[in-house]
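Undergrad: output the structure for:
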Amino acid sequence: MSQEGQTGREKREIIEVESIESLREALTQERVRAGGLLANWQRAQADFINYKRRSEQEKEETSNLAKSALVLSLLPVLDDLERALASVPPRLTKHPWVDGISIISGKFRAILAALGVSPVKALGEPFDPNLHEAALHEKGKAGIVIRELLKGYSFAGKVLRPAKVVVGSGEGEDEEASASSRP
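TA: Numbering: from 1, shown residues only. Model (predicted):
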């Protein structure tokens, strides 16, 4: 073979090697670009999932806020029904209209319970400023709710209205303890 033929072949091999190297470099660059695009897509997907979750959460909070506002406006009606039933004279308790008011009050409480509204426990419980509003202090066990003046209610894990209560002042505890220990 002539030197010219050999040089031509070497040139072709050099060109092939250079083109293979440039292809490898292009492939590497495209892999890096594809990795970046994949990472961006994954980030966008995660952002969308977070947006969707936040949107559902806000929708639920808005719904709960509207429900709690409605319930809060209806609680005085329930209070009035309960006061009316509590003030019925004993001689009238057997009248049908008293039973009717009692049934209405029960239905009202059942509807509120179905919505997730529950009464706040107060009587005999330790005073909790998150659940109770102290209206008075009277003789009784210190820090314990001894009387409930107005029922409190909670909804969706939050207090709608704290219970208005009378809290024991600690006075008369010694008298109560000695009276209960007597035979």
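
Undergrad: use CA for all of it now, contacts and neighbours both
TA: OK.

Undergrad: residue ranges with poor pLDDT in this structure?
TA: 1-6, 173-183 (pLDDT under 70).

Undergrad: cutoff 50 now
TA: 177-183 (pLDDT under 50).

Undergrad: which residues in it form strands?
TA: Along the chain, the segments classed as strands by DSSP state E run 117-119, 132-138, 145-150, 153-155, 158-161, 163-168.

Undergrad: of the ones you listed, which is nearest Ile14?
TA: strand 158-161 (77.7 Å; Cα to Cα).

Undergrad: roughly how far out does the closest one sit from the chain middle?
TA: The chain centre lies 12 Å from the centre of strand 158-161; the measure is Cα atoms, centre = their mean, to the nearest Å.

Undergrad: show residues contacting that strand.
TA: For strand 158-161, the external contacting residues (Cα atoms under 8 Å, 6 or more residues apart in numbering) are Ser68, Leu72, Asn130, Leu131, Gly152, Tyr153, Ser154.

Undergrad: and the angle from the lengthiest helix in the chain to strand 145-150?
TA: Counting residues, the longest helix in the chain under DSSP state H turns out to be helix 3-86. Orientation check (axes from the mean of the first three to the mean of the last three Cα atoms, to 10 degrees): helix 3-86 against strand 145-150 gives 90 degrees.
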